[in-house]
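Engineer: Predicted structure and sequence below. I'll ask about it afterward.
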Amino acid sequence: MFVDKQKQALAYDIEPSRIKNRVKGNITLSYLEGFDLIETANKIFGHGNWSYTISELSQVSQETNANQNTVICYKALIRLMVYSQDHNKHVSKEDVGFGTGIAKTLAEAHEGAGKEAVTDALKRAMRSFGNQFGNSLYDKSRNHQIQPPTQTQGQTTPQTQAQLPTQPSAHTQHQFTSLHNLGLQVLEQGNNYIVMGDDIFNKKDSIKACGFRWDASHKVWYLPREQQAA
């Protein structure tokens, strides 16, 4: 259902700078912010190619804490829909989330709990699409506290850039006509051009002839833009 550009974007490791941390009790939790997931979905799937509905939003509990604040917990069930570019196919995911609202007034506590529950459910549903939506954060064997890799002077790699792949100019596309004739795409990602397409490894000689290098850690062919321009 997804095009090659979307499949490769979904397969990338998550950019470390997107990961946030908070302490809950004695545990440090890693997470993605709600707006970050929405922006990522717009970039990968496209505006208008995904949506969600709230199937259930209900109060679970209500109490008063030691500071005389109202503490309310909500449960949300959402249904996430992602469509193909022609809208002839779609994928549907459902998941549940919980949120807690703490405030002096009932209205503010209800508002906070409801919003947090819906966002939590949306995060859980989106993570089924992989690392770009935080699925790897649930893998306890990984260390998510690391910083982005240090660049070698004069050299960049695709994963040091936060941007998702985009279409380069028509002039640039023309310079890679030999790759287009093989059914490959050349896209911009940060300071690099990268190659995408089917059966890419059997076409590696042609890709290397255009100056691209293989980044084994991120499994992508890339060419720094300044080198191509030169």
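Structural biologist: That came in fine, so what should we check first?
Engineer: three-state assignment of the residue nearest in space to the middle of the chain?
Structural biologist: Geometric centre of the chain, nearest residue: residue 132, 2.7 Å, by CA atoms, centre = their mean. With DSSP: H, G, I helix; E, B strand; the rest coil as the basis, residue 132 sits in helix.
Engineer: List the residue ranges of the protein that fall below the pLDDT cut-off.
Structural biologist: Where the chain drops to pLDDT under 70, the residues are 24-26, 139-165, 216-218, 228-230.
Engineer: Strands of that one, residue ranges please.
Structural biologist: Along the chain, counting by DSSP state E, strands occupy 20-24, 27-31, 50-64, 70-83, 90-103, 185-189, 192-196, 213-215, 220-224.
Engineer: buried set for the third one?
Structural biologist: Just to be clear, that refers to strand 50-64. 50, 52, 57 (16 or more other CB atoms under 10 Å). In short, each C-beta sits where N, CA and C put it, glycine included.
Engineer: Would you reformat those as JSON lines and include distance to residue 128?
Structural biologist: Below are the buried residues of strand 50-64 laid out as JSON lines (distance: CB to CB, whole Å):
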{"residue": "50", "distance to residue 128": "13"}
{"residue": "52", "distance to residue 128": "13"}
{"residue": "57", "distance to residue 128": "21"}
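Engineer: returning to that earlier point: the strands of the chain: which one's closest to residue 4?
Structural biologist: Between residue 4 and these, the tightest spacing by CB to CB is seen for strand 192-196, at 5.3 Å.
Engineer: List the pairing partners of the closest one within its sheet, with orientation.
Structural biologist: Applying DSSP bridges, strand 192-196 is found paired with strand 185-189 (antiparallel), strand 220-224 (antiparallel).
Engineer: Tabulate those (JSON lines), appending mean neighbour count.
Structural biologist: Listed next are the strands paired with strand 192-196 as JSON lines, based on neighbours: other CB atoms under 10 Å:
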{"stretch": "strand 185-189", "mean neighbour count": "21"}
{"stretch": "strand 220-224", "mean neighbour count": "21"}
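Engineer: Outline the domain layout of this protein.
Structural biologist: Residue ranges for the domains of the chain, per automatic domain parsing: 4-138, 158-229.
Engineer: so how far is residue 8 from the closest residue to residue 10 other than its chain neighbours?
Structural biologist: Spatial nearest neighbour of residue 10, chain neighbours left out: residue 130 (5.0 Å); criterion: CB to CB, 6 or more residues apart in numbering. Distance, residue 130 to residue 8, by CB to CB, to the nearest Å: 11 Å.
Engineer: who are the neighbours in contact with the residue nearest to residue 219 when sequence neighbours are not counted?
Structural biologist: In this structure, residue 219 finds its nearest non-sequential neighbour in residue 11, 7.7 Å apart by CB to CB, 6+ apart. For residue 11, the contacting residues are 130-131, 219, by CB atoms under 8 Å, 6 or more residues apart in numbering.
Engineer: Much appreciated, bye for now.
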